[in-house]
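1. The following block contains a protein sequence and its predicted model.
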Amino acid sequence: MNVQQLIEKLELRVFGGEQGLQNTITGGYVSDLLSDVMGNSDTGQVWLTLQTHKNVMAIASLKDLAAIILVNNHKPDEDTLNQANEEGIPLLGTDMSTFEITGKLYELLK
Amino acid sequence: MQQYRADLHIHTLLSPCGDLEMSPANIVEAAVQKKIDILGITDHNSTKHALLIQKMAAEKGIFTLCGAEVTTREEVHCLAFFENVDTLAQFQQYLDEHIAKVKNNPKYFGHQVVVDEEEMIVEEVEHLLISALDQSLEQIQRKVHELDGLFIPAHIDRPKYSLTSQLGFVPPDIKADALEISRHTSKEEVLKKFPYLEAFTFTSSSDAHFPADIGTKVCLFEIEALSFKEIKMALRGEDGRKVSF
């Protein structure tokens, strides 16, 4: 599945980073500790978080993640959004809680 | 230029995790014993003991930086210090407005009391002081600087509640007056990991929760006199002032 297909299936909002909408998704990772994501996420995963700081984009880029989904209706900080566009990594959003969106994502990717 | 010993990260019994022995009187007494010249009073998300300690410490010739250890929305702990009663009060109001109002359960978290000089309780804070504010790191930094305060992210090397644990690494463009490192590491170790922090000033302090912790880690200020302005100059490395440890 690619990011565009995931957006359609889960009705996700696209904040930025549209250049990466064709990225292939290999799995998911859920964490709000960026140190943990840096250590334990893998290339091609979709990352679910409530953190909106621009370091999120730096770590997504470093780990070559497919996309980021901000949960619970969180909005990215302005410089985070700018960086998503610069890096070309899709920055997405949902009203769903972490629990709900994780369950749906798991069903789609398992 | 004179050299002064500073412990800039001290919790009082107001912090839920602060020992009940951390009364203003005991803190000042310990500071005298440990030959501390500059105290930083930094309860979790509250400034309510700082002025009393400032007054009591001044009687012993000790200078006090009044402030708090603030929890950002990202759950990063940052020290903030203010020069006068007015800006300190404005910051207290900001803390009251933005902290999550979760009722404290003293059974789990400990009591959160403000006491007077004689250790009589004058107030018990109802909401849990270790909760986070609904404000981001940058929003809090801007607020502190609007009030001409000092903004120092705390224990940046620690695996909990630090810039590195919560945000993965120190944002290179962070507008901090200094970065505090814990007593478990050295400036050299931190710079090995984050060479881009070379230009920052570092501080290190005890993060005392018990009287015996006070002064177990200090930094040395080389300044002309004990004042907020001189301390600020040292953090900026201005006119020969400096801080080391």
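-> Good, I have the coordinates.

2. Name all residues that make contact with the nearest residue to B:Leu133 once chain neighbours are set aside.
-> Excluding its sequence neighbours, the residue lying closest to B:Leu133 (C-beta to C-beta, 6 or more residues apart in numbering or on different chains) is B:His98, at 4.2 Å. Every C-beta, even on glycine, is put in place using the N, C-alpha and C of the backbone. The contact partners of B:His98, by C-beta atoms under 8 Å, 6 or more residues apart in numbering or on different chains, come to B:133-135.

3. cool, B:Leu150 as well?
-> By C-beta under 8 Å, 6+ apart, the contact list for B:Leu150 reads B:65, B:67, B:79-82, B:144, B:177-178, B:231-232, B:235.

4. Closest to chain A out of the residues you listed?
-> The closest of the contacts of B:Leu150 to chain A turns out to be B:Val144 (C-beta to the nearest C-beta; 17.3 Å).

5. so what does the helix or strand containing B:Ala80 touch, helix or strand wise?
-> Assigned by DSSP states H and E, B:Ala80 belongs to strand B:77-82. Secondary-structure packing of strand B:77-82 (3 or more C-beta pairs under 8 Å, 6 or more residues apart in numbering or on different chains; DSSP states H and E): strand B:2-10, strand B:38-44, strand B:63-71, helix B:85-98, helix B:137-146, strand B:150-153.

6. Past the first one, which element shows up next along the chain?
-> Under the assignment DSSP H and E, the closest C-terminal helix or strand after strand B:2-10 is helix B:24-33.

7. again with the last one
-> Sequence order places helix B:163-167 as the next helix or strand after strand B:150-153, per DSSP H and E.

8. Just confirm yes or no for that next one near chain A.
-> Yes. Counting by C-beta under 8 Å from any C-beta of the partner chain, chain A has neighbours in helix B:163-167: B:164-167.

9. Ranking by neighbours, what's the top pick from the residues you listed?
-> Taking other C-beta atoms under 10 Å in any protein chain shown as the neighbour criterion, B:Leu167 ranks highest of the residues of helix B:163-167 next to chain A with 28 neighbours.

10. Please identify the buried residues of stretch B:89-99?
-> B:90-92, B:94-95, B:98-99 (16 or more other C-beta atoms under 10 Å in any protein chain shown).

11. Just grab the bridge partners of the one residue sitting closest to the centre of chain A for me.
-> Central residue of chain A (C-alpha atoms, centre = their mean): A:Ile68, 1.0 Å from the mean position. Per DSSP bridges, the residues bridged to A:Ile68 are A:Trp47, A:Leu91.

12. swap in B:Cys66?
-> B:Ile41, B:Phe82.

13. and the gap between it and B:Ala212?
-> Separation of B:Cys66 from B:Ala212 (C-beta to C-beta, to the nearest Å): 23 Å.

14. who's more crowded, the two?
-> B:Cys66 (26 against 13).

15. Only whichever of the contacts of B:His98 are buried, select them in ChimeraX.
-> Buried residues within those, by 16+ other C-beta under 10 Å, are selected in ChimeraX with:
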select /B:133,135
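
16. Any chance of the contacts of B:His98 in a markdown table with pLDDT and secondary structure as columns?
-> Shown next, in a markdown table, are the contacts of B:His98 (pLDDT from 0 to 100; DSSP: H, G, I helix; E, B strand; the rest coil):
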| residue | pLDDT | secondary structure |
| --- | --- | --- |
| B:Leu133 | 97 | strand |
| B:Asp134 | 96 | coil |
| B:Gln135 | 96 | coil |
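
17. residues near the residue in chain B that chain A sits nearest to, how many?
-> Nearest residue of chain B to chain A (C-beta to the nearest C-beta) works out as B:Gly168 at 3.4 Å. By the criterion of other C-beta under 10 Å, B:Gly168 has 22 neighbours.
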